[in-house]
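Q: Coordinates only, no sequence provided:
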């Protein structure tokens, strides 16, 4: 099938507009999409720590799976904020201990080690948000 005359005119007009103003072509759709991540209880229990402490926890999680997560559990007892404001501090502490145990026990099959490294990276990302005062949109 050949393109119709009207399609050719529309394409030519769009090309002329894009050549005149490059922003016009990209803003013509007018659709805004917002994506919000839903966190599970273990992921939401990661505390917002000071940046140096988060880096230490990442280092510990990299070389001894679960150790940095275990240390971060005590940061919760020291007053670190989490994304679980409706839960008691002890509950969030035990969620972090459970995450550390899962990482340690499954490190044998590499799953826990990888999870532990990602957990440490999440700690650093959350610390960076806290340090810069940026509201988290993850």
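A: That came through, no problem. The structure presented is a predicted model; accordingly, all values stated were derived computationally and were not measured. Residues are numbered from 1 along each chain as shown.
Q: Longest helix in this structure, please.
A: With DSSP state H applied, the helix covering the greatest number of residues in the chain is identified as helix 111-132.
Q: Output the contacting helices and strands for that one.
A: Packed against helix 111-132 by the contact rule (3 or more Cβ pairs under 8 Å, 6 or more residues apart in numbering; DSSP states H and E) you find helix 51-63, helix 67-77, helix 89-105. To be clear about C-beta, it is placed using only N, CA and C from the backbone, and glycine gets the same treatment.
Q: neighbouring contacts of the second one?
A: Put plainly, it is helix 67-77. For helix 67-77, contacts defined as Cβ atoms under 8 Å, 6 or more residues apart in numbering pick out 45-47, 49, 53, 56-62, 80, 82, 89, 92-93, 96-97, 99-100, 103, 116, 119-120, 123.
Q: what does stretch 84-91 give?
A: 41, 44-45, 76-77, 92, 95.
Q: now those: which count as buried?
A: 45, 76, 92, 95 (16 or more other Cβ atoms under 10 Å).
Q: Brilliant, that's me finished.
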